[in-house]
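Undergrad: Below are the sequence and a predicted model; questions follow.
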Amino acid sequence: MRRLALLTGGLAGVLTLLAAGPAYAEPRLSASSVRQEAGLVEFYLTGSDLPSGNALSQDTLTAQVDGRAVPLTAAPVGQSQGRALRRAVALVIDTSGSMNGEPLSAAKSAAASFLSALPADIQVGVVTAGSPALVVVRATADRTRARSAVAGVQAKGETALYDAIRAAADVLNGQYDEKRIVVLSDGADTASSVGYEDARKAAGAIPVDTIAFKTQEATAAVLANLSQATGGKAYRAGDPQALTGVFTQAAGAFSAQLLVRVTIPPELQGKDGTLVISAKAGTGTAATDMRLSFVPDTRKATPLVGVRSGGIPDWMLYSLLGVIFVGLLIAGVLLIGPLLTADARRRRFAQVEQFSTRSGPAPPPPVEADTAIAQTALQLSQQVMRQTNVEGRLARQIELASLRMLPHEWLLLRLGAVAVGALLFALLFVPWWIGMVLGALAGWGATAVYHRVRAGRRATAFAAGLPDALQLVIGSLRSGFSLAQAVEAMTHEIGGSMQAEFGRALGEVRLGAEIEDALERVGQRMHNKDLAFAVVAIKVQREVGGNLAEVLTTTVNTMRERATLQRQVKALSAEGRLSAYVLIGLPFAVLLYMLAVKGSYLLPLVETPMGIAMSVGGAVLLGIGIAWLLKVVKVEV
């Protein structure tokens with residue numbers, strides 16, 4: 001099988017050699033780690049396959065932008081402040097018995113020339129391909145140690161070339177930016193534990209340069225095929241002098257690395273152009289090009305001479321934006337003003353109407369407004385409400401917060417707040433479109449916070465007054481009143497949300513509902529667990545009998561004890577809650593400050609892929625932190 005694989009590889013290699021012609025590659029340049037600032041382009045320049053005796057230097061380099069010559073400076077990376085790319089090479093030397101004597105001496109001499117020709121930053125490892133294959137020196141920048149390792153190798157045994165290539169790949173298995181394997185052999189593999197394919201896979205993306213020294217055509221073809229498969233180069237040498245030249249040519253794959261700085265003239269800054277770097281290479285040249293958008297110099301402002309022509313002056317632009325803002329503000333007042341002064345009787349009428357019997361669906365309430373603009377806006381919002389089918393949900397929200405307006409009026413109010421917030425933030429922040437988005441979110445969020453605060457205050461006032469209201473009911477029950485009569489008497493003595501909710505419950509009772517069910521719905525609307533407990537007590541008393549006044553007295557005492565405990569817990573946790581609110585608000589405050597002072601500083605967070613990923617990740621982590629903080633400071637009693 002090994003002989004068949006060898007013949008197959010040899011045939012492929014012969015065809016490769018016939019098709020490829022000479023093994024010497026054209027010289028080429030490559031640029032990496034490009035960095036820009038105003039008037040400057042900086043990058044690392046590396047030359048490959050340069051002719052022997054040619055080296056990169058500032059004297060051999062020229063730079064052009066779209067055909068125009070521009071100045072440059074270049075220095076070896078070791079003499080500059082830049083970070084050099086890490087580069088390494090593994091030298092594999094055949095030390096089988098056939099290399100004994102003059103061939104091995106020639107190989108050592110050529111390898112010494114190879115080490116001398118390599119740039120100083122390249123680390124070198126030495127591997128012998130005898131039987132067994134041995135790693136003599138791992139990758140090191142100490143050339144004296146590498147030369148001593150080469151000088152000390154001895155020829156004996158058979159050839160384990162494929163095992164040596166695997167060992168060389170393992171030597172280069174580090175954090176190297178550029179790496180190669182250089183293999184010298186005078187014969188075919190005879191003692192490896194792996195085959196050709198295993199060696200090729202072990203090399204992977206590492207180019208393997210092969211040097212066939214006094215080898216037969218079939219063996220040289222196998223080596224050439226290995227080079228072609230890994231992206232390396234194949235060389236042949238028939239005598240010691242040719243071997244030294246081939247090793248020098250192989251060292252040309254690694255050229256000294258330069259840190260190049262190109263100065264961009266002011267007239268080219270802020271424009272797009274093609275930067276071409278050329279280097280002399282023997283009788284020809286090697287070049288590389290980069291398409292760049294040169295960074296403008298914003299630190300040096302050119303003073304204007306005379307009167308600026310064209311464009312809108314800043315004072316006129318800000319005046320125009322101010323007029324637009326005032327106009328929108330007046331329009332918002334005209335639209336929203338009638339909503340805020342609407343008669344509260346419409347809401348009471350709607351509450352009574354929902355308990356009346358109708359044969360068909362209820363007609364929509366008439367739209368009332370003092371101006372034609374407000375009338376049109378209200379009609380449009382009412383049509384939107386009817387199409388989106390969210391009127392019922394908004395009606396429950398408005399009722400919970402005790403807002404004296406209809407659902408479509410509340411929707412129009414929120415849209416007006418969004419428009420005003422977007423325009424106001426657009427005038428305050430840079431860039432304006434970010435301010436407009438933040439303003440729209442602020443307007444919508446402000447109305448939501450207003451509704452939540454109002455609803456929360458109403459629910460809190462209801463919960464605080466519930467024990468006193470039930471105490472009035474208890475007194476009426478002890479006087480001989482029925483439960484419904486006691487609740488009605490209580491509504492005449494108390495006001496606010498308590499009177500409205502219990503009055504609605506009495507209306508439901510008059511229309512045929514059970515008093516317990518009506519009171520239970522009051523507890524559900526107000527999200528009050530204490531009233532739910534009281535309703536459960538009333539239902540239990542009705543089923544098993546007993547003194548309802550005594551049952552409610554026990555319930556009221558429990559409510560008051562729970563309220564006292566809640567106040568104590570709230571006082572003890574006040575410091576933690578305040579710290580949580582400060583930590584939650586701090587990122588948003590810093591964001592608003594940066595947008596107002598230097599909005600351009602945040603542009604990379606929304607314009608670059610890395611910035612967008614960081615923004616999304618930060619938002620997710622911030623949300624998790626907020627949820628965790630609110631959970632920690634929330635103590636339920």
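TA: That came in fine, so what should we check first?

Undergrad: Which segments of this structure make up each domain?
TA: Using automatic domain parsing, the domains assigned to the chain come out as 28-82+257-293, 86-229, 332-354+373-569, 574-633.

Undergrad: With respect to Phe247, which of the ones you listed lies nearest?
TA: For Phe247, the closest of the domains of the chain is domain 86-229, at 4.0 Å, according to C-beta to C-beta. (C-beta placed from N, C-alpha, C; glycine too.)

Undergrad: Between the two ends of that closest one, what distance do you get?
TA: Its start and end residues considered, domain 86-229 measures 24 Å (C-alpha to C-alpha, to the nearest Å).

Undergrad: tell me the average confidence for that domain?
TA: In this model, domain 86-229 has a mean pLDDT of 83.

Undergrad: For the nearest residue to Lys108 once chain neighbours are set aside, give me phi and psi.
TA: Nearest non-adjacent residue to Lys108, counting by C-beta to C-beta, 6 or more residues apart in numbering: Val150, 5.6 Å away. Phi and psi for Val150, reported as degrees, to the nearest 10, are phi -70, psi -40.

Undergrad: hang on, the earlier thing: dump the domains of the chain into CSV; add mean neighbour count as well.
TA: CSV is the format used below for the domains of the chain (neighbours: other C-beta atoms under 10 Å):
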stretch, mean neighbour count
domain 28-82+257-293, 16
domain 86-229, 20
domain 332-354+373-569, 17
domain 574-633, 12
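
Undergrad: In JSON lines: these, plus distance to Ala242.
TA: Below are those laid out as JSON lines (distance: least, C-beta to C-beta, whole Å):
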{"stretch": "domain 28-82+257-293", "distance to Ala242": "13"}
{"stretch": "domain 86-229", "distance to Ala242": "9"}
{"stretch": "domain 332-354+373-569", "distance to Ala242": "67"}
{"stretch": "domain 574-633", "distance to Ala242": "52"}
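
Undergrad: can you tell which of those domains is closest to Gly238?
TA: The nearest among the domains of the chain, by C-beta to C-beta, is domain 86-229 at 6.1 Å.

Undergrad: Tell me which of the domains of the chain approaches Tyr235 most closely.
TA: For the domains of the chain, the distance to Tyr235 is smallest for domain 86-229, at 4.7 Å, taking C-beta to C-beta.

Undergrad: Which stretches in the stretch 101-250 of the chain count as strands?
TA: Using DSSP state E, counting those that start in this stretch, the strands assigned to the stretch 101-250 of the chain run over residues 122-128, 134-140, 178-185, 208-213, 234-237.

Undergrad: Check the chain too.
TA: Assigned by DSSP state E, the chain shows strands spanning 28-37, 40-48, 61-65, 68-70, 72-76, 87-93, 122-128, 134-140, 178-185, 208-213, 234-237, 258-263, 272-281, 284-293.

Undergrad: Determine the set of other helices and strands touching the second one.
TA: The contact analysis (3 or more C-beta pairs under 8 Å, 6 or more residues apart in numbering; DSSP states H and E) places strand 40-48 against strand 28-37, strand 258-263, strand 272-281, strand 284-293.

Undergrad: and it, average pLDDT?
TA: For strand 40-48, mean pLDDT is 80.

Undergrad: Repeat that for the fourth one.
TA: Mean pLDDT, strand 68-70: 89.

Undergrad: and that strand, which strands flank it?
TA: If you go by DSSP bridges, strand 68-70 pairs up with strand 61-65 (antiparallel).

Undergrad: one step back: so which of the domains of the chain gets nearest Ala251?
TA: domain 86-229 (3.7 Å).

Undergrad: got a list of what Leu258 touches?
TA: 44-46, 56-58, 61, 74-77 (C-beta atoms under 8 Å, 6 or more residues apart in numbering).

Undergrad: ok, now how distant is Gly101 from Pro609?
TA: Distance of Gly101 to Pro609, computed by C-beta to C-beta, to the nearest Å: 61 Å.

Undergrad: who touches the residue nearest to Val418 when sequence neighbours are not counted in this structure?
TA: Leaving aside its sequence neighbours, Val418 sits nearest to Gly443 (C-beta to C-beta, 6+ apart; 4.0 Å). Residues near Gly443 by C-beta under 8 Å, 6+ apart: 414, 417-422.

Undergrad: now swap in Lys156 and tell me
TA: If a contact means C-beta under 8 Å, 6+ apart, then Lys156 has 95-97, 100, 130 as its contacts.

Undergrad: same thing but 10 Å
TA: Going by C-beta atoms under 10 Å, 6 or more residues apart in numbering, Lys156 touches 95-97, 99-100, 130-131.

Undergrad: now, which of the residues you listed lie within helices?
TA: Judged by DSSP state H, helices contain none of the contacts of Lys156.

Undergrad: I am finished for the moment; much appreciated.
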